[in-house]
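> A structural model of the following input is requested.
(2 chains)
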Amino acid sequence: MSDGTRGKGERKEPPDDEAALSARLQRLGERLATANRPSENGSGPRQAADMSAFARGFRLSTELVAGVLVGAVIGWLLDRWLGISPWGLIVFLLLGFAAGVLNVMRAAGVVRQRSLND
Amino acid sequence: MDPIHQFQIVNLFPLGKFGHAEIFFTNSAAFMVLAVVLLTGFLVIGTAGGRAVPGRLQSAAELTYEFVADMLRSTAGAEGMRFFPYVFTIFMFVLLLNMFGLIPFGFTVTSHIIITATLALLVFFTVLGYGLIRHGLHFFNLFVPKGVPVYILPMIVAIEILSFISRPISHSVRLFANMLAGHIALKVFAGFIILLGGALGAIGWVGGVLPFAMIVALTALEMLVAFLQAYVFAILTCIYLNDAIHPGH
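Next up is the predicted model:
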C-alpha cells in the first residue's frame, strides 16, 4: 500500500532540485535494500519491522514461550499415557525449545517463512 | 482500588440451562453484542449511499476495507481475498473490543484469554481444515522442509509440528496479555493518586499530579497498543491463512 503512494509523491517533486534528487537517491537505496532482502516477498518480516519495538519484543517472547509450553505439555501427556516418565518430558521439552527458537527466528525474519521453501 | 476488579464477569440475566450449569448473559457478552451491532451499523449505514464522492462515514468504511484488503493481499496473495470477510470481521471485532476497554466504565472483553483463545483456535482450525480440504494430505508437506538431509528429517518434522501447534498459544496469549497488562498498569497508577492523597493530605494530592500525568501518557499508549494488537492479530491470521493456501510445494 505504501509503495504506490510513495511513487506518486516522488513524481510530483521538481526533478532539477538538488536536495530532492539526493533525497530520491537515498529513498531508492532504501527501497533497493528492502527489495534485496533474502525473503523475496518479505511481507511478514516487513510488516514486523513496522511494529513498535514493544510489540515486537512481546511477540518474540510469546513465540518462544509458546513453543516451550507446547513441548512440555505434550511430553508430560505422553509420560502419563505411555508411562515412560521422564523421557517424554525430556525429549519434548528440548524439541519444544527448538520449535520456540524456530518460531522466534521466523517472527524476526531471520529464516524464511515456511511457505517460501519451494 | 483493586486493579483486577475491572475484569470481573458480571451475570446480567440467565439465558437457560446447559446440563447443570446455568448460562448467563454477562457484561462481556453485552459488550460483544454491542461491538457487533455498532460494526454492522457502521458498515451498513456507511455503504448505504454508495456515492462517488464519499461522505465521512462512507470514506471511513472504505478506509477500513482498503486497510484490511491491502494487508490480506500483501500477505496471502490475491487468492487470500476469499478469506476477506473472515479477516475483516476478526480485525474489526478485536479492534472495537480493545477500544471499548479504554472507555471509562467499559469492559475489556479481549483481556479474557477464553475470548482470544477461541478466536485463535478458530483461525487454527480454519487453516487446518481449509488446507486439508484444498490440498489433501499434500498439506502436511508444510512440515517437511525441502533440502534437509534424511538423517535429521524426523527431528525437523517434529520441531515443525510443535511450532505449528504452538501458534494458537502465542496468537492468543499476545493479545490477552497486552490488554490485561495495560489495563492493570492504568489502574495501578490511578490507585497511586488515591494512596498519595490519603496518606499525605494536601501535599499528596499535589504530588498526585505525577501519576496522573503518567495515566494520560499510558492511556495514549494503550490506544496505540489496542490498535496494534488488533493489527498484529489480523496480520498473523493472514500469515497463517497463507500457509493453508500455499503450503510449501
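> And the contacts of the longest strand seen in chain B?
Assignment by DSSP state E gives strand B:11-18 as the longest strand of chain B. Applying Cβ atoms under 8 Å, 6 or more residues apart in numbering or on different chains, the contact partners of strand B:11-18 are B:22-27, B:29-30. For the C-beta atoms, the positions are set from N, CA and C on the backbone; glycine is no exception.
> Could you work out the most separated pair of those residues?
Spatially, the most separated pair among the contacts of strand B:11-18 is B:22 and B:30, at 17.0 Å (Cβ to Cβ).
> With neighbour numbers in mind, choose between the two.
Legend: neighbour count by other Cβ atoms under 10 Å in any protein chain shown for residue B:22 and residue B:30, higher for residue B:30 (14 against 11).
> Can you give me every residue that contacts the more buried one?
So residue B:30 contacts B:12, B:107 (Cβ under 8 Å, 6+ apart).
> What ranges does chain A have for its strands?
Ranges of strands in chain A, per DSSP E: none exist.
> Domain parsing of it, as residue ranges.
What automatic domain parsing lists as the domains of chain A is A:1-36, A:43-118.
> Could you identify which of those domains has the lowest mean pLDDT?
With a mean of 62, domain A:1-36 has the lowest mean pLDDT of the domains of chain A.
> Which one (most neighbours) among the contacts of strand B:11-18?
Among those, residue B:26 has the most neighbours (other Cβ under 10 Å), with 18 neighbours.
> After the longest strand of chain B, which helix or strand is next? Please name it.
strand B:21-26 (DSSP states H and E).
> packing partners for that following strand?
Helices and strands touching strand B:21-26, as assessed by 3 or more Cβ pairs under 8 Å, 6 or more residues apart in numbering or on different chains; DSSP states H and E, comprise strand B:11-18.
> and the strand it packs on, which strands flank it?
strand B:21-26 (antiparallel) (DSSP bridges).
> Can you get me the centre-to-centre distance for the helix or strand where residue B:229 lies and its chain?
Taking DSSP H and E as the definition, residue B:229 sits inside helix B:209-245. Taking Cα atoms, centre = their mean, to the nearest Å, one finds helix B:209-245 lying 9 Å from the centre of the chain it belongs to.
> how about it: buried residues?
B:211, B:214-215, B:218, B:222, B:225-226, B:228-245 (16 or more other Cβ atoms under 10 Å in any protein chain shown).
> among these, which are in reach of chain A?
B:225, B:228-229, B:232, B:235, B:239, B:242-243 (Cβ under 8 Å from any Cβ of the partner chain).
> which of those residues has the weakest pLDDT?
For those, the least confident entry is residue B:243, with 84.
> what separates residue B:186 from residue A:73, distance-wise?
33 Å (Cβ to Cβ, to the nearest Å).
> Neighbour count for those two, which is higher?
residue B:186 (20 against 17).
> helix or strand for that one, which one?
helix B:167-200.
> Can you list the helices and strands that that helix packs against?
Using 3+ Cβ pairs under 8 Å, 6+ apart: helix B:167-200 touches helix A:53-82, helix B:113-135, helix B:202-207, helix B:209-245.
> again, 10 Å this time
Contact partners of helix B:167-200 among helices and strands, from 3 or more Cβ pairs under 10 Å, 6 or more residues apart in numbering or on different chains; DSSP states H and E: helix A:53-82, helix A:87-108, helix B:84-100, helix B:113-135, helix B:202-207, helix B:209-245.
> quick one: average pLDDT of the shortest one?
To tie it back to what came earlier, the one meant is helix B:202-207. On average, helix B:202-207 scores 83.
> Buried residues in that helix, which are they?
B:204, B:207.
> Could I get the average pLDDT for stretch B:101-108?
87.
> And for stretch B:125-136, what's in contact with it?
Residues outside stretch B:125-136 that contact it (Cβ atoms under 10 Å, 6 or more residues apart in numbering or on different chains): B:82-83, B:86, B:138-142, B:164, B:167-168, B:237, B:239-247, B:249.
> same thing but 6 Å
For stretch B:125-136, contacts defined as Cβ atoms under 6 Å, 6 or more residues apart in numbering or on different chains pick out B:139, B:240, B:244.
> now stretch B:197-214
B:189, B:192-193, B:196.
> With neighbour count as new columns, can those residues be given to me in a markdown table?
What follows is these, written out as a markdown table (neighbours: other Cβ atoms under 10 Å in any protein chain shown):
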| residue | neighbour count |
| --- | --- |
| B:189 | 20 |
| B:192 | 17 |
| B:193 | 19 |
| B:196 | 19 |
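> Kindly indicate which of those residues lies nearest residue B:69.
Once Cβ to Cβ is applied, the member of the contacts of stretch B:197-214 that ends up nearest residue B:69 is residue B:189, at 38.5 Å.
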